[in-house]
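> Sharing a sequence plus its predicted fold:
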Amino acid sequence: MRSPVLVTCVFAISLATVSRAAQTKLDVRDIENHPFAADFNSGGKLRLNLRSGGFHIVGTQDNKITVQVSGRNAYRASDMRVQLDGSASSADLTVSGGPRDELEITIEIPKKTGLFIRMPAGSLEVRHVIGDKDAEMHAGEMNIDVGDASDYSRVDASVYSGDLEAPPFGESHGGLFRSFHKEGNGPYRLYAHVGAGQLSLR
């Protein structure tokens, strides 16, 4: 009969091994010639820390994260860095470096993903993603495909200076310090803020 101490030690070692195996840590440069790809579970939580620029966040049927570049300055993407830290169900993705102009960055993720996005400035598009959405940018244009408005239990949207358009929620505002708040019975939450620029929830 095994002693309780031995069983406990074996169990602890097994848990540590599983935990290490579940962790993902990737650091990729030169995205044009070395496309970024990593497994990620549907229904996971993903935090995106993005540099200024043009970003498209697109939900797909694949259980993975990919990062691709396009545009006239794609050949200069060797200076761009993509880092992933976390697990297949909860992770941080950071995009830094690279040219700021004439470069579009597309990040594909599982269609059902909870998103937390922060970026300084530029253009951000989120489409075909189901789940919580928390997105904030200091200046620029943010467009979020919200899907069915009834999917949300709480919606908070605001711009300090600029336009706020949200047809699915019956809202349209322009000028200074514009915002709206909605509550419903859906399973998800939506928070979107732009300091100066345009926010569109469609």
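Perfect, I can see it now. Numbering: from 1, shown residues only.
> can you give me the helices in the chain?
Counting by DSSP state H, residue ranges of the helices within the chain are 4-22.
> Quick one: low-confidence residue ranges for it.
Across the chain, residues meeting the criterion (pLDDT under 70) sit at 1-22.
> now do 50
1-2, 5-21 (pLDDT under 50).
> quick one: the strands in it?
Residue ranges of the strands in the chain, as given by DSSP state E, are 23-29, 36-39, 45-50, 53-60, 64-70, 80-87, 90-97, 104-110, 114-127, 133-144, 152-166, 171-183, 188-201.
> Can you add mean neighbour count and give the ones you listed back as CSV?
Any C-beta I mention is one placed from the backbone N, CA and C, and that applies to glycine too. Written out in CSV, the entries for these read as follows (neighbours: other Cβ atoms under 10 Å):
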stretch, mean neighbour count
strand 23-29, 14
strand 36-39, 17
strand 45-50, 19
strand 53-60, 20
strand 64-70, 19
strand 80-87, 19
strand 90-97, 17
strand 104-110, 21
strand 114-127, 19
strand 133-144, 20
strand 152-166, 19
strand 171-183, 13
strand 188-201, 20
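> Who are the contact partners of Asp163?
Applying Cβ atoms under 8 Å, 6 or more residues apart in numbering, we find Asp163 in contact with 173-174, 178, 198-200.
> Reformat those residues as CSV; add distance to Ile57.
Formatted as CSV, the entries for the contacts of Asp163 read as follows, by distance: Cβ to Cβ, whole Å:
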residue, distance to Ile57
His173, 24
Gly174, 25
Arg178, 24
Gln198, 17
Leu199, 15
Ser200, 14
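> quick one: which of those is nearest to Glu125?
Using Cβ to Cβ, the shortest approach to Glu125 within the contacts of Asp163 belongs to Ser200, at 9.4 Å.
> The closest one and Glu108: what is the separation?
Distance check for Ser200 against Glu108: by Cβ to Cβ, to the nearest Å, it reads 21 Å.
> And Tyr191, by the same measure?
Between Tyr191 and Glu108 the distance, using Cβ to Cβ, works out to 23 Å.
> Nearest to Ala149 among the contacts of Asp163?
Distances from Ala149 to the contacts of Asp163, taken by Cβ to Cβ, are shortest for Ser200, at 14.0 Å.
> Let me see the contact set for that closest one.
For Ser200, the contact set (Cβ under 8 Å, 6+ apart) comprises 141-144, 163, 165-166.
> Report how many residues lie close to the residue lying closest to Pro167 once chain neighbours are set aside.
Beyond its immediate neighbours in the sequence, the residue positioned closest to Pro167 (Cβ to Cβ, 6 or more residues apart in numbering) is Arg202, lying 6.3 Å away. The number of residues packed around Arg202, counting by other Cβ atoms under 10 Å, is 12.
> my guess is Arg202 meets Gly147, correct?
No. Under the criterion of Cβ atoms under 8 Å, Arg202 is not in contact with Gly147, lying 9.7 Å apart.
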